[in-house]
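>>> attaching a predicted model along with its sequence, questions to come.
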Amino acid sequence: MTKLYRNWFLASRPWSFIMTAISIGVGGAVAAIDGPFSWGLFALTLAGAVLLHAATNLINDYYDVQSGVDSAEVGTAQYRPHPLVEGKLLPENVRRAAYILFFAGAVIGLGLAAARGWPILVLGIIGIAASLTYTAPPISYKYVALGEFSVFLMWGPLMVEGTYFVQRRAFSPEAFWISIPFGVIVALVLLANNLRDISHDKSRHIRTIAIVLGAKKGFYLYAGLVALAYASILIMVGFGVLSLWSLIVFLSLPLAVKIFRVMVKKIPDDADARTAQLDTAFGILLLLSLILEVLV
């Protein structure tokens, strides 16, 4: 029984939830700067987002395996547990569990929409639709070079602005701009994954941005977007969207340089995991800077 729970836990990819927690945290922190803050509403927002994230991970793995994109040979399965590929979970059970999590997250979303306003319902529908059609046929937009753009939107503007709206019952231009650099870094986790898997993905007849651009131009895009994320922090500090506290984000820059030095030689098997480390460092420092602005 313990092994079964462990397999389900690993299949949900809990290490990835830090991305969601940071996005929700950033939206909440910007809202706290602008006025009163409800910890209860924040907790519900975070719980709903994490449930939907877990559901997304399960349903995407299910369709990746069903379509033959994920197998024991794929890079991801070489360095992290993949219970579905390893045969430790039945595909139909994974699919069923994903829909149960989608339902649980949707119930929380409906409650927040009833309490705070219909825009939450719209954002929730967009998020669930994007999650379900990411790898599921007939749309499967991840396979037509739209995955990175969707990840940027979901973990950037949608989550940050959605969290802000729950607190303030309004959208915020500042929250939108602040969501961009973190959303970009999260999207780069997928780009790093796709750069590593170019050969494998070509053999499965799917298209990603990495395949469209090629390995060299794809890496240039990766490096350029990392540079853009850091530059946007400077620009927002300069225009007063962010405070000087946000310059602490640059403490993560040495990690970015370290990743560049590895990837410029060869895309490693754990390129996405390395990028996720940068994403976490960048995001936590950004969140910390916003919290300091609230407290100081």
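Ah, there it is. Numbering: from 1, shown residues only.

>>> and residue 192, how far is that from residue 223?
Distance of residue 192 to residue 223, computed by C-beta to C-beta, to the nearest Å: 11 Å. From N, CA and C alone the C-beta is placed, and that goes for glycine too.

>>> do the same with residue 212
Here the distance between residue 212 and residue 223 works out to 17 Å (C-beta to C-beta).

>>> now the helices for this protein?
Secondary structure of the chain (DSSP state H): helices located at 2-11, 17-34, 39-66, 75-79, 91-116, 118-133, 147-153, 159-168, 173-196, 198-203, 209-213, 215-238, 253-263, 271-295.

>>> show me what contacts residue 52?
Residue 52 makes contacts with 101, 102, 105, 106, 109, 127, 128, 131, as judged by C-beta atoms under 8 Å, 6 or more residues apart in numbering.

>>> now do it, the pLDDT please.
pLDDT for residue 52: 97.

>>> re the thing from before, the more surrounded of residue 192 and residue 223?
Per other C-beta atoms under 10 Å, whichever of residue 192 and residue 223 has more neighbours is residue 192, with 27 against 16.

>>> that one and residue 229, how far apart?
Taking C-beta to C-beta, one finds residue 192 at 14 Å from residue 229.

>>> try residue 32
From residue 32 to residue 229 the distance is 23 Å (C-beta to C-beta).

>>> these two - which one has more neighbours?
residue 229 (24 against 20).

>>> so residue 147 touches residue 189, yeah?
No - counting by C-beta atoms under 8 Å, residue 147 sits too far from residue 189 to count as a contact (10.6 Å).

>>> so where is this structure shaky, pLDDT-wise?
Applying pLDDT under 70 to the chain flags residues 1-4, 71-80.

>>> list the contacts for the closest residue to residue 218 other than its chain neighbours?
Once flanking residues are discounted, residue 218 sits nearest to residue 210: 4.3 Å by C-beta to C-beta, 6 or more residues apart in numbering. By C-beta under 8 Å, 6+ apart, the residues touching residue 210 are 191, 194, 195, 197, 198, 201, 218.

>>> which of the residues you listed are buried? Put it as a ChimeraX command.
Selection of buried members from these for ChimeraX, criterion 16 or more other C-beta atoms under 10 Å:
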select :191,194,195,197,198,201,218
